[in-house]
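> Coordinates for the following, if possible.
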Amino acid sequence: MLIKQTVITRRIEVFVNEDDSDQRNAYYQTLRKWQEACRAGANLIASSLYALDQQQALSKILQPDILTKLADRAKDPDGILSTSYQNTAYRLLSAKFKGDVPADILACLAQDVRANYVADKPKLLSGKISLRSYGDSNPFPASAIEWLRKIEWVEETRNYCLRLHNVPLQTNFGRDHSGNRLIIDRAVSGEYTLCQSKLQFKGRKMYWLATVRIPIQSRNLRDDRTVYAELSVDAPLKARFGEEVINIGDKQAFLHKRLSIRQAVQRLKPALRDAAGGRGRAKKLKAQTRFRDVEKNYVNTQLHTYSIRLINWCIKQNAAKLVLMESTAKQNKVNEESETDREFVLRSWSYHGLIEKIKYKAAREGITVLIE
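Residues are numbered from 1 along each chain as shown. Modelled structure (predicted):
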């Protein structure tokens, strides 16, 4: 029997597990070097694949005897490549970074970037989007085999120790409110399938972006039952099933907290003129830096809360379908609020982030999401 599965990604903090400071710094430098090489390699692949595709577009103005067919000349005399078109990305990376970056990372990077390019290609060649670029914060991938090759549980620290291409790492689950440890436990035991995962630097911290394929939970959901949800001015989400309507989230509490954070930043800025200087901009703006991610983290937490409450309500109603409708609040007069007020409220909900969280939580439970 074929079991339905879905793919999730969990962010887990990791650090280099080495007591000697010099060796630890050397490991960090190695990881940083791999990240820089992968950033440069990803941009090289993307631009090279785009240039190859433009070869055929330029064939109309080139001399007739100039070959432009994207094929291996060893197999096709009209080809212009020394390898297959599918293998072009890896050959480019291997020629430039072989010996500096493990081949496993190069192979995963080539596969990842090429998949992104193929997905973007129709819109890219039609001029609807620009070529994707990869920045300094872009994580670098490694195969599941490398992540699990030497992973082991350490009871003393209650964390996992692993070696990524001979670089010793240790997880830091912390309080683990998200249940990351349970997911990694099941991935190590084989109950879940660990896929190609990535390592990301963010500030002074490192994160293991563990991509795991998990089975969709079997629930008695009925295809003839549908829950309708929309963004409302009265609440972040308004859900309806039959005659039953519920509001998910509280408008006043959400906006009060979000606006209070913004106002605190505005009150702080004038006071920074009196802060002691002389040690650089970062030192003088240290108080403001604390607020940098406060609002973002609060909104992200609330969106997770609202989305899981909606999915749980769908499960309670045994509904196999969830329809997300565009809000009609702009056309209707709700609570006699002005158009400016309604626009402000709708903008503050972070609607697109909420939709993404609803989608992946629904997929995990086997609920189909439709957007109207």
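
> When you work out contacts or count neighbours from here on, use the C-alpha atoms and nothing else.
Fine.

> where does the stretch 201-350 of the chain dip in pLDDT?
For the stretch 201-350 of the chain, the stretches with pLDDT under 70 are 232-234, 277-278, 326-349.

> For it, which segments count as helices?
According to DSSP state H, counting those that start in this stretch, the stretch 201-350 of the chain carries its helices in the segments 251-271, 281-284, 286-289, 294-316, 339-348.

> Out of these, which gets nearest to residue 174?
helix 294-316 (17.0 Å; CA to CA).

> Check the offset of that closest one from the chain's centre.
Helix 294-316 sits 17 Å away from the centroid of its parent chain (CA atoms, centre = their mean, to the nearest Å).

> ranking the helices of the stretch 201-350 of the chain by burial, who's on top?
Sort those by mean neighbour count, taking mean count of other CA atoms under 10 Å, and helix 294-316 sits at the top with a mean of 17.

> I'd like to know which elements that helix is packed against.
strand 244-248, helix 251-271, helix 351-365 (3 or more CA pairs under 8 Å, 6 or more residues apart in numbering; DSSP states H and E).

> Look at residue 140 and say how many residues are nearby.
The number of residues packed near residue 140 is 24, by other CA atoms under 10 Å.

> State the distance from it to residue 26.
18 Å (CA to CA, to the nearest Å).

> ok so, going back, could I get the helices and strands packed on helix 294-316 as CSV with distance to residue 35?
Converted to CSV, the helices and strands packed on helix 294-316 look like this (distance: least, CA to CA, whole Å):
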stretch, distance to residue 35
strand 244-248, 41
helix 251-271, 34
helix 351-365, 27
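
> Compute the number of surrounding residues for residue 164.
18.

> Correction: the previous question concerned residue 212.
22.

> so what's the residue nearest to it when sequence neighbours are not counted up against?
Excluding its sequence neighbours, the residue lying closest to residue 212 (CA to CA, 6 or more residues apart in numbering) is residue 194, at 4.5 Å. Contact analysis of residue 194 by CA atoms under 8 Å, 6 or more residues apart in numbering lists 144, 187, 210, 211, 212, 213.

> Pick out whichever of those residues sits closest to residue 275.
The closest of the contacts of residue 194, once distances to residue 275 are taken by CA to CA, is residue 210, at 41.7 Å.

> Helix or strand for residue 13, just tell me which one.
strand 5-16 (DSSP states H and E).

> Rounded mean pLDDT for that strand, please.
For strand 5-16, mean pLDDT is 91.

> Okay, now the sheet partners of it, with direction.
Strand 5-16 pairs in its sheet with strand 167-172 (antiparallel), strand 205-215 (antiparallel), by DSSP bridges.
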